[in-house]
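Student: Here is my input, please return the structure:
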Amino acid sequence: MEKEKHVFIESLLKNKKLSPVQHEKIFMLTLAEIKSERIFKYNLIEERIQRLEELNSIKKNTRQILTEKEQVLDLKPEKINSKEEDRNLYNKSLPKIYFYPKSLHNFLLNYNLDPILRSTCHLIDGNELNLIKEYIKKNYYDFNLHYEKIIEAYNKLEKKYWAPSQIKVLIKGYLEGKNFDGKFITGWSSEKITYNWNHETLREWSKNNPGSPPNPDIGLAEQLENVGFKFEKAANIKKYRPVQSFSDLVLHFKRMFHIREDNSLLEIIKFHNEKWNEQIDFQIDETYFQKNIEIFTDVDKVLQAYDDIIRLIILFNKNLKPRVRLSLKESQVATSLSIHHLDRTYAKSLETCKNRLIGQNYSSIIKNLNGICNIYLTADFGSNQFATFAIWDEKWNIQKERDIIEALDTFSGVEHILEFKRK
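Tutor: Presented below is the predicted three-dimensional model:
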């Protein structure tokens, strides 16, 4: 049945009577019908295209999509009318492909749960140490054998689950100190941290400390009388938590993608808002911003997009200190962060916004958050028009335009919503 479906789609796409736009719509509508277990395959293909585009090996004005048979479809946008042309010109600054946020959630969740990989994002206790010994088939701890199992487990995970390329680059740098080409790098993450699991000073330490893992918890450190690998100088991280040992680094890495009670989004944003407090009047009712909500995501990219939204708000209110209400809501399938500017209407009409949002800030926001979360806007658009519509979600894959999700009777202000999907 799967083969027959593919042959049918292929025959439609080879039909010369159809325009390029019609070809693309057929392809994208088909993708929308694919069951969730096939989304992973599709995303792997799209990730390959993304990597090629980053190397400038695909022409800027050509959309290429690889099918499962590795065929390339050259789908050039067709100018239907002035409105379509205007929208296409705007969309050139946006990602060509939409990535599913739940794929990132699954990748990071399974990284966190893997019995070997979890030793790279948790401190190692006595039970964890015994488990590692079982995996390396020794009655003592050996760092080199442990490291081999880490790389083996990560390679399996990377093949099984899709994630945005920047996440895989970050993890590869953290585990191996290398980029995708296998070349050693001087640092990984936005802080350009040099220490990693393959660092020469860590390997030298492991030779001099046989039987001790580099990142023990307090209990195991006391038992082994070894606190793990301590840095000669603190890692180059300008955060409110110092990073002075490999245990600190492991916890820092975990906080980069795992939001939970001891690394809550509320506390992350409160700390991050310190640079905005003079320009923004933040209102956070902690009743509607729970600390114990768990999210697996790229925290750095979320904060970069958050800053872009705050800059937009400041741009809207040049002469006043804007009031911004922050809240976090959880459902069975997603967690949503609300950034609600209370003081004004949106600066463009609803219909205009559907085709062209304000300024280039949104291009940066969408690029940062593609594959991380969906983006929605609820606002008073003036002329008694109140609505929620999608800035960036899965429908972008099909129709390349924004839909009104819900028309409202009334609404005050402009609210950006970041939706982190789990299912």
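Student: now the strands: where do they sit in this structure?
Tutor: 63-66, 72-75, 258-259, 281-284, 295-296, 323-330, 334-341, 374-380, 386-392, 404-408, 414-421 (DSSP state E).
Student: Let me see the mean pLDDT of the third one.
Tutor: Strand 258-259 carries an average pLDDT of 97.
Student: Neighbouring strands of it in the sheet, and parallel or not?
Tutor: Take DSSP bridges as the rule and strand 258-259 pairs in its sheet with strand 295-296 (antiparallel).
Student: among the strands of the chain, where is the model least confident on average?
Tutor: Among the strands of the chain, strand 72-75 carries the lowest mean pLDDT (a mean of 29).
Student: and F411, how many neighbours?
Tutor: Residues contacting F411 under the criterion other C-beta atoms under 10 Å number 17. Just so you know, the C-beta spots here come from the backbone N, C-alpha and C atoms, and that holds for glycine as well.
Student: separation between it and Q385?
Tutor: Computed as C-beta to C-beta, to the nearest Å, the F411 to Q385 distance reads 10 Å.
Student: a markdown table for the strands of the chain, including mean neighbour count and distance to R311?
Tutor: Conversion of the strands of the chain to a markdown table gives the following (neighbours: other C-beta atoms under 10 Å; distance: least, C-beta to C-beta, whole Å):
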| stretch | mean neighbour count | distance to R311 |
| --- | --- | --- |
| strand 63-66 | 16 | 30 |
| strand 72-75 | 14 | 34 |
| strand 258-259 | 22 | 23 |
| strand 281-284 | 14 | 15 |
| strand 295-296 | 22 | 23 |
| strand 323-330 | 19 | 12 |
| strand 334-341 | 20 | 12 |
| strand 374-380 | 22 | 15 |
| strand 386-392 | 19 | 16 |
| strand 404-408 | 13 | 25 |
| strand 414-421 | 23 | 12 |
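Student: looking at the ones you listed, which is closest to L315?
Tutor: strand 334-341 (10.8 Å; C-beta to C-beta).
Student: So what touches that closest one?
Tutor: 265, 293, 295, 302, 306, 309-310, 313, 316-317, 322-330, 413-423 (C-beta atoms under 8 Å, 6 or more residues apart in numbering).
Student: and the angle from it to strand 414-421?
Tutor: Going by axes from the mean of the first three to the mean of the last three C-alpha atoms, to 10 degrees, strand 334-341 is angled at 160 degrees with respect to strand 414-421.
Student: what angle do strand 334-341 and strand 323-330 make?
Tutor: 170 degrees.
Student: List the neighbouring strands of strand 334-341 plus their orientation.
Tutor: Here, using DSSP bridges, strand 334-341 pairs with strand 323-330 (antiparallel), strand 414-421 (antiparallel).
Student: Stretch 110-121 - what's its average pLDDT?
Tutor: 97.
Student: hey, where'd the helices end up in the stretch 51-200 of the chain?
Tutor: 82-91, 101-113, 126-136, 143-160, 165-176, 200-208 (DSSP state H, counting those that start in this stretch).
Student: quick one: buried residues of the last one?
Tutor: Read that as helix 200-208. Buried residues in helix 200-208, counted by 16 or more other C-beta atoms under 10 Å: L202, W205, S206.
Student: got the angle between it and helix 143-160?
Tutor: Going by the same axes, to 10 degrees, helix 200-208 makes 130 degrees with helix 143-160.
Student: For helix 200-208, what is the distance to the chain centroid?
Tutor: Relative to its chain's centre, helix 200-208 lies at 33 Å (C-alpha atoms, centre = their mean, to the nearest Å).
Student: elements contacting it?
Tutor: With contacts defined as 3 or more C-beta pairs under 8 Å, 6 or more residues apart in numbering; DSSP states H and E, the packing partners of helix 200-208 are helix 143-160.
Student: Now the helix it packs on - C-alpha only, CSV.
Tutor: Extracted in CSV, the C-alpha atoms of helix 143-160 (Å, rounded to 0.1, in the frame of the first residue of the first chain):
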residue,chain,number,x,y,z
PHE,A,143,36.7,6.3,31.8
ASN,A,144,37.8,5.3,28.2
LEU,A,145,35.4,2.4,28.0
HIS,A,146,32.6,4.6,29.5
TYR,A,147,33.3,7.2,26.8
GLU,A,148,33.2,4.6,24.1
LYS,A,149,29.7,3.6,25.3
ILE,A,150,28.6,7.3,25.4
ILE,A,151,29.5,7.9,21.8
GLU,A,152,28.0,4.5,20.7
ALA,A,153,24.7,5.4,22.5
TYR,A,154,24.6,8.9,21.1
ASN,A,155,25.2,7.7,17.5
LYS,A,156,22.3,5.3,17.9
LEU,A,157,20.0,8.1,19.3
GLU,A,158,21.0,10.6,16.5
LYS,A,159,20.0,8.0,13.8
LYS,A,160,16.7,7.2,15.5
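Student: What residues of it count as buried?
Tutor: Here helix 143-160 shows F143, L145, H146, Y147, K149, I150, I151, A153, Y154, L157, E158 as buried, counting by 16+ other C-beta under 10 Å.
Student: pretty sure the first one contacts R203?
Tutor: Spelled out, that is F143. Yes: counting by C-beta atoms under 8 Å, R203 is a contact partner of F143 at 7.5 Å.
Student: May I have stretch 243-262 exported as CSV, CA atoms only?
Tutor: Listed next in CSV are the C-alpha coordinates belonging to stretch 243-262 (Å, rounded to 0.1, in the frame of the first residue of the first chain):
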residue,chain,number,x,y,z
VAL,A,243,31.2,26.3,36.6
GLN,A,244,34.4,25.2,38.4
SER,A,245,34.3,21.5,37.9
PHE,A,246,33.2,18.8,35.5
SER,A,247,30.2,18.1,37.7
ASP,A,248,29.2,21.8,37.3
LEU,A,249,29.6,21.6,33.6
VAL,A,250,27.4,18.5,33.3
LEU,A,251,24.6,20.3,35.3
HIS,A,252,25.1,23.4,33.1
PHE,A,253,24.7,21.3,30.0
LYS,A,254,21.5,19.7,31.4
ARG,A,255,20.1,23.2,32.1
MET,A,256,20.6,24.1,28.5
PHE,A,257,17.8,21.8,27.4
HIS,A,258,15.9,20.5,30.4
ILE,A,259,13.5,23.0,32.2
ARG,A,260,12.2,21.6,35.4
GLU,A,261,11.6,22.7,39.1
ASP,A,262,15.3,23.2,39.9
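Student: out of the strands of the chain, which comes closest to Y135?
Tutor: Y135 lies closest to strand 258-259 among the strands of the chain, at 22.3 Å (C-beta to C-beta).
Student: So what's the gap between the closest one and the chain middle?
Tutor: Worked out by C-alpha atoms, centre = their mean, strand 258-259 lies 12 Å from the chain centre.
Student: what residues does that strand touch?
Tutor: L108, N112, C121, L265, I268, I293, E294, I295, F296, T297, V299.
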